[in-house]
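Q: Sequence first, then the predicted structure, then my questions.
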Number of protein chains: 4
Amino acid sequence: MQFASDNTSGVPGPVLESLGRANEGYAMGYGGDALTTQVRDRLRDLFEAPQAEVRLVTTGTAANALALAVLTPPWGAIWCHDAAHIECDECGAPEFFVGGAKLITMPGDHGRIVADTLDNSLARAPRSVHNIQPAALSLSNLTEAGTLYDPDHLARLCTVARRHGLGVHLDGARFANALAASGASPAEASWKAGVDVLCLGGTKNGLMGAEAVMIFDPARAAEFDLRRKRAGHLLSKHRYLAAQFLPWLGDGLWLTLAQRANAAAERLAKGLAALPGVTLRHPVEGNMIFVDWPEDLARHLRTNGAVFYDAPGPGTPPTSGARLVASWDTDPRQIDAFLQLARDIPADAMAAGTG
Amino acid sequence: MQFASDNTSGVPGPVLESLGRANEGYAMGYGGDALTTQVRDRLRDLFEAPQAEVRLVTTGTAANALALAVLTPPWGAIWCHDAAHIECDECGAPEFFVGGAKLITMPGDHGRIVADTLDNSLARAPRSVHNIQPAALSLSNLTEAGTLYDPDHLARLCTVARRHGLGVHLDGARFANALAASGASPAEASWKAGVDVLCLGGTKNGLMGAEAVMIFDPARAAEFDLRRKRAGHLLSKHRYLAAQFLPWLGDGLWLTLAQRANAAAERLAKGLAALPGVTLRHPVEGNMIFVDWPEDLARHLRTNGAVFYDAPGPGTPPTSGARLVASWDTDPRQIDAFLQLARDIPADAMAAGTG
Amino acid sequence: MQFASDNTSGVPGPVLESLGRANEGYAMGYGGDALTTQVRDRLRDLFEAPQAEVRLVTTGTAANALALAVLTPPWGAIWCHDAAHIECDECGAPEFFVGGAKLITMPGDHGRIVADTLDNSLARAPRSVHNIQPAALSLSNLTEAGTLYDPDHLARLCTVARRHGLGVHLDGARFANALAASGASPAEASWKAGVDVLCLGGTKNGLMGAEAVMIFDPARAAEFDLRRKRAGHLLSKHRYLAAQFLPWLGDGLWLTLAQRANAAAERLAKGLAALPGVTLRHPVEGNMIFVDWPEDLARHLRTNGAVFYDAPGPGTPPTSGARLVASWDTDPRQIDAFLQLARDIPADAMAAGTG
Amino acid sequence: MQFASDNTSGVPGPVLESLGRANEGYAMGYGGDALTTQVRDRLRDLFEAPQAEVRLVTTGTAANALALAVLTPPWGAIWCHDAAHIECDECGAPEFFVGGAKLITMPGDHGRIVADTLDNSLARAPRSVHNIQPAALSLSNLTEAGTLYDPDHLARLCTVARRHGLGVHLDGARFANALAASGASPAEASWKAGVDVLCLGGTKNGLMGAEAVMIFDPARAAEFDLRRKRAGHLLSKHRYLAAQFLPWLGDGLWLTLAQRANAAAERLAKGLAALPGVTLRHPVEGNMIFVDWPEDLARHLRTNGAVFYDAPGPGTPPTSGARLVASWDTDPRQIDAFLQLARDIPADAMAAGTG
């Protein structure tokens, strides 16, 4: 009953086997190998973007921070949702990579920014020499609330950003989950909507530690390369990064894995929503679930082996809640066992929690 | 005939197999898994350093720059050899991670700094408010010239550094090769000699992309952790980093691989030294060879399939030379074929190069 | 009718005369002159802080950013009011000087933070390796809304900060105005309340461009010195900075000037509050006034020679408002002329603005 | 007998008087005042550069570091003489402002870089992704050795720099002394020779703390402005910076002051060169003198009231030497008294120093 994160899962067999094949013989380092070229070409095809440059790194934080650094000068500001991963969970990586940027956050129901909110915020942003200058919009799809931006919504936001002179970064740590949920094509969910740089996550969806950065304007790639090296993110034995992507991108495995995770989350969400005292905090549109529930229930589930993170509600004091994440290899039987456990909570377990 | 770098080689079977085993089941992320703890404990044992903190990252540049950032304030200076990897080959990573440090370089025959050179340089360093302040000594073992510091030499340098108030960083991208060559124990070649932070390289010696940072003073580890996260170098599926180290550290595989690379280099060096017009630029003490040789010979070898990097001599215009690196899986037959090819250079090939 | 800012005023005669006296003869540079020592000693006396270190710089932004850099590591977060000067008006200086810090802002009526707000915000701040770490509290007195923290309020905030492990910075660009308004002693309004570093503004209160940083824990001064030099803020002909302070601190001139500015603001505020359609947005406790008023009135005043900055209200679209600042040399007759002008607005001027 | 630095002198009467005049009435802040515009226009005229942008700051370190930051990306390298002020005396300011740049130093007799040295150094600079990228050439005129670049020499260096794709910064802390010595026009000694950004020093030549940055390509000015604000170097009461320049630039006062300083240095140098055991280390072409002389003589002079800095020679152990700087107000009688004192050294004073 492991619902802590999609990064607690391993990788599917084909990824391991690909590493084994990649291991044979010598290969030039730093991306000068044949597999890296194959990944680039495959992504160009999938995204209908023959000119796009593709760069591989090992973590989403690196991908995001490097991408933002290419879009933002040191005196620049990055607009994002107030729950964005880059704001909350990367220990200041964007600020470090950019050289002292500021993140300007916006509220938005269920993790989504509304175009008018963005427009108003940018319209009010002063641009004198005393102010940090608007430079980039950073979106996440799936959002941190597990919800989805459909391509139209994305496009509206990108249009606003562009009108105010901002570049657009998309944190796609769960981009495959978003594609699987929306049915949009990779291009529709990225550059066709107006995204300049996409961080396409592999790690949370079946890779060991591999993220692809899609730079749709190839003129930006040279700066990215120097920043990547300088940040220690250019791997010498680069073939092992590329090798993870090849089977994943081939035959649509990345989408298959994401669909499985999304389906598992849906099964779990339905079961949870039917429980007394449990409410879903956000629509479940991908593989993440946020619930508000009694602290006693959380304790009962944990005591009996379930693993998940608390996600307190916004009140003072914070109310009880949790985040549950399904993965590509989440077993439906584990979901059912978890739900059964929740239904079987003894009356005195609830009582015990009071006071 | 692949002698470009030890990073063009793959990994030995046990490393791949370990990844396969590590892939089973769920594991908590960010180093909270059991394998990471095993690696830490194993390294503490091997280094006779029960208090040392161990951190894993994917590249040597990241390891070095993070380690230096822990030893050096933004207004600090790092003393190093003028051919140091951190000075020449990391695109300013130390300057970026530290926040604007300066590297003060020193000459030294065959890549080695002599204690008196260091002492004189530090004695002359002004320390008023107008000057960047001496903060760290960075050494490499093997050096960038492929030579070795024996533990006594290391200890003399560390003593000088300590006397002037500097911390000591050791870039051990080829630390295993140094151990294999010197017969020193891991402890003798690191903290017993006075090293504060060691970057123990795995990638060049049979891992996919895995480096261990040994922080001998555990009080420095908390800062390292925040810097690592902030730089995007904390891997979520951390077990795959740890899994690479386990078979490598077990049964002395790391030293076995390094011995093989060193032996291959020795074989190649002997053959090269016997060729007319070829001289070894530095003593060959590990797995790297630097030669001065005619440009025609280099061209002949390349044309016939040998792979290596040019390493021009220091003159103006630069003289012809090359770096040849042996790896854990360098085949002696390839060495012999390479040497035979060199001996078989046709007279007109030499002539062709002139003018 | 100049109410744009207290920095549009010149300096009183004694400051000019002091520069003339300081100009005689030679003086060692970089603070090694006698006048700098006199300023230090005078401030130590006035603040009852014989151990405090004093550093002079030319701008408030430099003073604030350097002070914050001494209190905050690169991965640190600075808590402040959401209207703080360091957040809104310094083009990211704290982020630049600290090396990528984050500012965490809090709301608070009339520019003041309430202790419970701070306590709750800090209590909710996650402190795992994924998060930027709470490091400093930055307060302003006067606040950006022109209001005052009395010593008890300051002390409550500092106590909360200290309990959570934060250092405290006080942006005292208008510290003299705060003292003049509250009657508190310099010590009560700074270190006795728990402030670690005070930026004591001179420029807005009658100096040419001179701010004193009071570092109450002298152990922090050495780092400040290196950061100041490195930021280009160590003046060589330092005597001209010191010379500005001497007459200002002697005989209480700094407080006299501040009292004049506060009194002028009070006179102006009373007159404004009596006008139809004009309301004071914040209590007027120092030398700054914020009004909500009709756009037509603002236009009428400007057209007839009044100078002030717009300060739109927070609505969407923003409502009409302005900031008016009185200075040490604001002439009461100018205030009366301004008020008369406002009262004399023709009916058709109001009409003209509609639509 | 004050020869420590030209920054130990005060300012001439007209500068003080100009401050007095500037003090009257109100003036908009941050450079929006009339005097600042006058300074800009005057400098455009003097430099025959109607399009140049002019920015004022208070220190040479700020001017240099801001100028270099505009020419250099974070991954860029700055070529300079190994005795350059930016390398030796600014506590890493360029590295801080650029965000982690590297300074590549070159030797050169008497503080001057020879074009071939620069060309060879740049030709050897690797430009792969592993290397910091050549970005700027920084020259000083006068040099740190007190010598002069004539316009032809400057132009040759700038041509080499431009051919390799570098921008050119000129540290003109003693630019007026260079003009006075060479007879070149301001334009010939700057943009006509190929300089992109000139830091024109006022402080060492009779101002209180005022430097003008001449940005010959106005497209670079917007970035400069944001960097200046963000570094705390945009003065609010900007009129006091501008006011210093007006009388200095009017009627050629800046060149008159520099001529006086140069003439004083020449008088001092001639006297010193005639003394037994004293040699001039560099040609004296401006207002700075470097001597090699016996330690006993230095002690004798100091004991009797002379003030100057030691400037040890490059040997190991360092030999005895000193730097003596003349200023615009150096009194010839003080020079003569100093020389007489040197000639009158008692025989036993020399003996005392031995052993």
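A: Nice, thanks for sending it over.
Q: touching chain B at all, stretch A:59-74?
A: Yes. Stretch A:59-74 reaches chain B (Cβ under 8 Å from any Cβ of the partner chain) through A:59, A:60, A:61, A:62, A:63, A:64, A:65, A:66. (C-beta placed from N, C-alpha, C; glycine too.)
Q: Might you enumerate the residues of chain A proximal to chain D?
A: A:30, A:73-75, A:99-100, A:129-130, A:133, A:223, A:225-230, A:234.
Q: which residues does whichever residue of the stretch 101-250 of chain A sits closest to chain B contact?
A: The nearest approach of the stretch 101-250 of chain A to chain B comes at residue A:232, 3.1 Å away (Cβ to the nearest Cβ). Going by Cβ atoms under 8 Å, 6 or more residues apart in numbering or on different chains, residue A:232 touches B:57, B:59-66, B:90, B:93, B:97, B:231, B:233.
Q: if we go to 10 Å?
A: By Cβ atoms under 10 Å, 6 or more residues apart in numbering or on different chains, the residues touching residue A:232 are A:62, B:57-66, B:90-91, B:93, B:96-97, B:211, B:231-233.
Q: so where's chain A uncertain?
A: Applying pLDDT under 70 to chain A picks out residues A:350-355.
Q: ranges for the helices of it?
A: Along chain A, counting by DSSP state H, helices occupy A:13-22, A:34-46, A:60-71, A:85-88, A:93-98, A:115-124, A:151-163, A:175-182, A:221-230, A:239-249, A:253-273, A:295-303, A:332-343, A:347-353.
Q: and chain C, which of these is closest to it?
A: helix A:93-98 (3.7 Å).
Q: And chain A, split by domain according to the record?
A: For chain A, the structural domains run A:14-251, A:254-350, going by automatic domain parsing.
Q: what about the shortest one, distance to the chain center?
A: Just to be clear, that refers to domain A:254-350. Taking the mean of its C-alpha atoms, domain A:254-350 sits 19 Å from the chain's own mean (Cα atoms, centre = their mean, to the nearest Å).
Q: so, in contact with chain B or not, it?
A: Yes. Domain A:254-350 lies within reach of chain B by Cβ under 10 Å from any Cβ of the partner chain, at A:307, A:327, A:329, A:330.
Q: Of the residues you listed, just say which sits nearest to residue D:186.
A: residue A:327 (68.7 Å; Cβ to Cβ).
Q: So the closest one is in contact with residue A:3, correct?
A: Yes. Between residue A:327 and residue A:3 a contact is recorded at 8.6 Å, counting by Cβ atoms under 10 Å.
Q: shared neighbours of the two, which are they?
A: A:264, A:265, B:26.
Q: can you list the residues you listed in CSV and add neighbour count?
A: Listed next are the shared contacts of residue A:327 and residue A:3 as CSV, based on neighbours: other Cβ atoms under 10 Å in any protein chain shown:
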residue, neighbour count
A:264, 22
A:265, 27
B:26, 20
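Q: Considering these, which is situated nearest to residue C:295?
A: Closest approach between the shared contacts of residue A:327 and residue A:3 and residue C:295, by Cβ to Cβ: residue A:265, at 51.9 Å.
Q: List the residues that contact the closest one.
A: By Cβ under 10 Å, 6+ apart, the neighbours of residue A:265 are A:3, A:6, A:146, A:177, A:181, A:284-289, A:324-327, A:330, A:335.
Q: what do you get if the cut-off is 7 Å, keeping everything else the same?
A: Each residue near residue A:265 by Cβ atoms under 7 Å, 6 or more residues apart in numbering or on different chains is listed here: A:284, A:286, A:287, A:288, A:289, A:326.
Q: Residue B:21: which of those residues is nearest?
A: Here the nearest of these to residue B:21, counting by Cβ to Cβ, is residue A:326; it sits at 24.7 Å.
Q: Thought residue A:263 was touching the closest one, still the case?
A: No. At 8.1 Å, residue A:326 and residue A:263 do not qualify as touching, with contact defined as Cβ atoms under 7 Å.
Q: between these two, which one's more packed in?
A: Using other Cβ atoms under 10 Å in any protein chain shown as the criterion, residue A:326 and residue A:263 rank with residue A:326 on top: 29 against 15.
Q: Give the closest residue to residue A:310 in space, chain neighbours not counted.
A: Sequence neighbours aside, residue A:322 is the residue nearest to residue A:310 in space, at 5.6 Å (criterion: Cβ to Cβ, 6 or more residues apart in numbering or on different chains).
Q: any idea how far residue A:269 is from the one you found?
A: With the distance defined as Cβ to Cβ, to the nearest Å, residue A:322 ends up 12 Å from residue A:269.
Q: Just the buried ones among the contacts of residue A:232, please.
A: The neighbour count (16 or more other Cβ atoms under 10 Å in any protein chain shown) marks A:62, B:57-66, B:90-91, B:93, B:96-97, B:211, B:231-233 as buried among these.
Q: what about residue A:345, how many neighbours?
A: 19.
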